[in-house]
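Q: missing the sequence, but the structure's below:
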């Protein structure tokens with residue numbers, strides 16, 4: 001623990017605008033230690049001296065950086081973000097949200113990929129925290145789905161916020177996106193368009209996000225008394241190649257669906273490509289919907305109907321919450337923020353075709 005008497009050495013020459021703490025001390029005719037105490041709101045400075053120093057600080061325009069003040073109380077002003085998501089579109093949105101809030105609050109971001117395939121993923125994250133000396137962690141799904149991670153960080157007294165599609169035990173704070181309801185909305189949208197032969201390309205079922213999206217989609221069909229045929233359910237891994245393979249299987253089948261819900265936008269983009277290769281027009285012959293609301297949904301032709309996850313805002317809110325936890329660890333945090341997801345209807349979905357083409361033949 002850094003003693004207050006040592007604080008002055010931490011913030012001596014890092015004021016903004018070229019003014020240093022030495023300049024303030026000289027102008028106020030006090031010691032650097034006294035100025036440091038005023039900056040750190042120490043009760044050891046009498047009111048008159050405090051007023052005098054504050055007037056000099058204002059007159060000279062001295063403002064120590066947030067990082068310097070953090071160092072003075074034993075913090076690094078570094079936030080860690082842990083992930084195991086190969087989807088660059090998702091990571092880009094999340095990282096931009098985290099960085100925006102870090103900049104606003106005077107923190108910096110350190111990103112750490114944690115491989116879920118590793119047997120020592122928890123130990124790996126603990127090592128990262130010790131090595132980087134981050135003040136707190138934001139953990140993205142699917143890594144956040146491991147309850148052992150928040151338990152280990154709690155033992156280390158490291159603040160942590162998790163992002164996931166369901167509540168994970170042991171996290172003091174989480175942002176939980178209602179992905180089940182979002183997928184249910186996609187199912188209802190396709191049903192309202194008249195589709196009955198509807199297929200789904202799921203994510204990897206070891207992930208909560210994949211099972212939540214599948215269950216929401218199934219719920220919509222069940223409520224409408226529509227049977228989801230076994231041949232219309234294909235598991236993917238959220239990657240483009242798996243979406244391509246699944247689309248080939250579905251679109252060359254004798255019982256070809258008139259609509260496909262892919263559990264993320266990347267796999268949905270793969271469906272669009274395969275449909276074009278097979279001579280199918282979207283949405284005239286086939287409706288396609290995705291999930292995430294990533295930038296690719298607007299870039300492909302036709303633009304994708306999708307469930308929008310407000311990743312940038314979620315990341316920004318998670319970062320603000322984490323910094324609040326870091327800066328006031330005296331509070332007991334048990335905070336869950338539920339995030340509603342909305343469907344964005346675009347050109348890739350339309351009414352069911354009256355005479356669907358034979359498999360792989362186009363119209």
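A: Everything's here; your move. Since this is a predicted model, take the numbers as computed values, not measurements.
Q: and stretch 297-315, end to end?
A: From its first residue to its last, stretch 297-315 covers 20 Å (CA to CA, to the nearest Å).
Q: report the buried residues of it.
A: Across stretch 297-315, burial judged by 16 or more other CB atoms under 10 Å covers 297, 300, 304-307, 309-312, 314-315. For the C-beta atoms, the positions are set from N, CA and C on the backbone; glycine is no exception.
Q: could you do stretch 150-170 as well?
A: Applying 16+ other CB under 10 Å to stretch 150-170 flags 150, 152-153, 158-166, 168 as buried.
Q: ok, so of these, who is nearest residue 34?
A: Relative to residue 34, the closest of the buried residues of stretch 150-170 is residue 159; by CB to CB it sits at 32.0 Å.
Q: taking the buried residues of stretch 297-315 one by one, which sit in strands?
A: Using DSSP state E to define strands, the subset of these located there is 305-307.
Q: give me the below-cutoff pLDDT ranges for this protein.
A: 1-18, 40, 64-74, 117-119, 330-333, 355-363 (pLDDT under 70).
Q: helices along that one, start to end?
A: Per DSSP state H, the chain carries helices over the ranges 7-10, 21-28, 32-39, 47-60, 66-72, 88-105, 121-132, 148-155, 179-192, 208-223, 240-251, 265-277, 296-299, 311-327.
Q: in the buried residues of stretch 150-170, find the pair that's most separated.
A: 158 and 165 (23.5 Å).
Q: what's the neighbour count on the residue nearest to residue 189 when sequence neighbours are not counted?
A: Setting aside the residues directly before and after it, residue 189 is nearest to residue 343 in space (CB to CB, 6 or more residues apart in numbering), at 6.1 Å. Using other CB atoms under 10 Å, residue 343 has 20 neighbouring residues.
Q: mind checking how far residue 343 is from residue 308?
A: Here the criterion is CB to CB, to the nearest Å. By it, residue 343 lies 7 Å from residue 308.
Q: and residue 239, by the same measure?
A: Taking CB to CB, one finds residue 239 at 21 Å from residue 308.
Q: and residue 227, what does it touch?
A: residue 221 (CB atoms under 8 Å, 6 or more residues apart in numbering).
Q: also residue 212?
A: Counting by CB under 8 Å, 6+ apart, residue 212 has contacts 165-166, 179-180, 183.
Q: next: residue 323.
A: Residues near residue 323 by CB under 8 Å, 6+ apart: 79, 101, 105, 107, 136.
Q: make sure the fourth one is actually in contact with residue 77.
A: Yes. In this structure residue 107 lies within contact range of residue 77 using CB atoms under 8 Å: 5.0 Å.
Q: higher neighbour count, those two?
A: More neighbours surround residue 107 than the other of residue 107 and residue 77, with 25 against 20 (other CB under 10 Å).
Q: need phi/psi at that one.
A: As for residue 107, its main-chain torsions (degrees, to the nearest 10) stand at phi -120, psi 170.
Q: gap between it and residue 309?
A: From residue 107 over to residue 309 the distance is 24 Å, taken as CB to CB.
Q: bridging across strands, which residues link to residue 261?
A: Beta-bridge partners recorded for residue 261 (DSSP bridges): residue 200, residue 289.
Q: was I right to think it contacts residue 200?
A: Yes. Residue 261 is within contact range of residue 200, at 4.9 Å (criterion: CB under 8 Å).
Q: between those two, which one's more packed in?
A: With neighbours defined as other CB under 10 Å, residue 261 and residue 200 compare such that residue 261 has more, 32 against 27.
Q: contact partners for the more buried one?
A: 183, 186-187, 190, 198-201, 217, 289-291.
Q: what subset of those is buried?
A: Buried by 16+ other CB under 10 Å: 183, 186-187, 190, 198-201, 217, 289-291, out of these.
Q: what is the nearest of these to residue 60?
A: Distance to residue 60, by CB to CB, is smallest for residue 291 among the buried ones among the contacts of residue 261, at 54.4 Å.
Q: find the nearest non-adjacent residue to the closest one, please.
A: For residue 291, the spatially nearest residue (CB to CB, 6+ apart) is residue 307, at 4.7 Å.
Q: for that neighbour, list each beta-bridge partner.
A: Taking DSSP bridges, one obtains residue 291, residue 343 as the residues bridged to residue 307.
Q: how about it, what does it touch?
A: Residue 307 touches 179, 182-183, 185-186, 290-293, 341-344, counting by CB under 8 Å, 6+ apart.
Q: swap the cut-off to 6 Å and go again
A: By CB atoms under 6 Å, 6 or more residues apart in numbering, the contact list for residue 307 reads 182, 186, 291, 341, 343.
Q: re the thing from before, quick one: which of the contacts of residue 323 is most hemmed in?
A: Neighbour max across these (other CB under 10 Å) = residue 79, 27 neighbours.
Q: quick check: it vs residue 191, distance?
A: On the measure of CB to CB, residue 79 and residue 191 end up 43 Å apart.
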